[in-house]
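Enquirer: When you get a sec, could you give me coordinates for this:
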Amino acid sequence: QVQLVESGGGLVQAGGSLRLSCAASGRVFSINAMAWYRQAPGKQRELVALITRGGTTNYADSVKGRFTISRDNAKNTVYLQMNSLKPEDTAVYYCNADLAHDLPWRFNNYWGQGTQVTVSS
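Expert: Presented below is the predicted three-dimensional model:
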């Protein structure tokens, strides 16, 4: 069984920083793209940032220049460094990954349980 375990959420004042982590636990052969999504109350889940296995990144326009996604392939972990946080960044943040855990060539998509980020004004 594979799980994506997130950590690092919390309450922070506007202008502050937080770092989210997400580690894949269990047997993992390989991980392709890893990403962070977020969902605010009453809104649809949206892509925040994505990183390929080779390190290519993509960001939502609303977080460009403030958030940085990175990964440690040896640790099967993805990070999201969030700086200059705004109240509108308040949401539950979810980790997402395409990974192979039972067969090396069979990739499935997995979600973490979510971690709350609250930014006060």
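
Enquirer: Let me see the contact set for the residue nearest in space to the middle of the chain.
Expert: Centroid check for the chain by C-alpha atoms, centre = their mean gives W36 as the closest residue, at 2.9 Å. Residues in contact with W36 (C-beta atoms under 8 Å, 6 or more residues apart in numbering) are 20, 22, 47-50, 69, 78, 80, 93-96. Where you see a C-beta, it was placed from the backbone N, CA and C, and this is true even at glycine.

Enquirer: Any chance of CSV for those residues, columns distance to Q1 and secondary structure?
Expert: Output for the contacts of W36, formatted as CSV (distance: C-beta to C-beta, whole Å; DSSP: H, G, I helix; E, B strand; the rest coil):
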residue, distance to Q1, secondary structure
L20, 23, strand
C22, 16, strand
L47, 26, strand
V48, 26, strand
A49, 26, strand
L50, 25, strand
I69, 26, strand
V78, 19, strand
L80, 24, strand
Y93, 23, strand
Y94, 19, strand
C95, 16, strand
N96, 17, strand
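
Enquirer: Do a quick rundown of the strands in the chain.
Expert: Remark: strands assigned in the chain by DSSP state E are 3-7, 10-13, 18-25, 30-39, 46-51, 57-59, 67-72, 77-82, 91-100, 108-111, 115-120.

Enquirer: In a markdown table: those, plus mean pLDDT.
Expert: What follows is the strands of the chain, written out as a markdown table (pLDDT from 0 to 100):
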| stretch | mean pLDDT |
| --- | --- |
| strand 3-7 | 95 |
| strand 10-13 | 98 |
| strand 18-25 | 97 |
| strand 30-39 | 97 |
| strand 46-51 | 98 |
| strand 57-59 | 98 |
| strand 67-72 | 98 |
| strand 77-82 | 98 |
| strand 91-100 | 97 |
| strand 108-111 | 96 |
| strand 115-120 | 98 |
